[in-house]
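[1] Below is the sequence, then the predicted model.
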Amino acid sequence: MVLCAARGHLDAEIERNAYGAQVHSFEAELDGGEHRMLFIRAPAIRKLGNGIEVLATLRGEPVAVAQANVIATSGHPELLGEGWLHALSFQRRAKPLV
C-alpha cells in the first residue's frame with residue numbers, strides 16, 4: 001500500500017506504521033464479520049482520492065482498497081489462510097504493475 005501510493009499507482013494519503021510498531025501487531029475481524037486480517041506495522045489510509053473503491057473496513061476505516069487494476073491492503077489476510085483477497089483480485093482481473 002505504501003509503495004503503491006508513493007509511486008502514484010494509488011490516489012491516497014497513507015500513514016506508515018499507523019497501527020503501531022511490530023510488537024503491537026494484531027489479528028482482527030473486519031467489519032461485516034466475514035473476514036480476518038493480520039496487521040503488522042500496518043499503514044492506515046488517511047485520505048482517499050478519486051476513483052478509490054473501499055473493499056474492506058476495520059472499525060469504519062478502510063483497510064483494503066482498489067483503484068483501476070491495483071488492490072492494496074493495510075494488513076495480511078493471506079497469513080491467516082484467508083483467500084478472499086486473492087479471489088477478488090482474480091474476479092477483478094487485476095494486472096501486474098510491471
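    Cool, the structure landed.

[2] so the most centrally placed residue in the chain bridges to which residues?
    Nearest to the geometric centre of the chain sits T73, at 1.3 Å (Cα atoms, centre = their mean). The residues listed as beta-bridge partners of T73 by DSSP bridges are A64.

[3] How many residues are close by the residue nearest to I40 when sequence neighbours are not counted?
    The spatially closest residue to I40, leaving aside those adjacent along the chain, is S25, at 4.5 Å (Cβ to Cβ, 6 or more residues apart in numbering). C-beta coordinates here come from the backbone N, C-alpha and C atoms, glycine included. Applying other Cβ atoms under 10 Å, we find 15 residues neighbouring S25.

[4] same check, this time on the one 5 residues further on
    The burial metric for L30, expressed as a neighbour count using other Cβ under 10 Å, is 20.

[5] Give me the distance between it and A42.
    From L30 across to A42, the span is 13 Å (Cβ to Cβ, to the nearest Å).

[6] Check V63 too.
    8 Å.

[7] shared neighbours of those two, anything?
    Listed as contacting both V63 and A42 by Cβ atoms under 8 Å, 6 or more residues apart in numbering are S74, G75.

[8] still on that earlier bit, shared neighbours, L30 and A42?
    Counting by Cβ under 8 Å, 6+ apart, the residues touching both L30 and A42 are V63.

[9] tell me the secondary structure for L88?
    helix (DSSP: H, G, I helix; E, B strand; the rest coil).

[10] Mind pulling up the pLDDT for it?
    Residue-level confidence at L88 comes out at 80, pLDDT.

[11] Please report the number of neighbouring residues for it.
    Neighbours of L88 under the rule other Cβ under 10 Å: 15.

[12] if I read this right, it contacts I71, doesn't it?
    Yes - using Cβ atoms under 8 Å, L88 makes contact with I71 at a distance of 7.0 Å.
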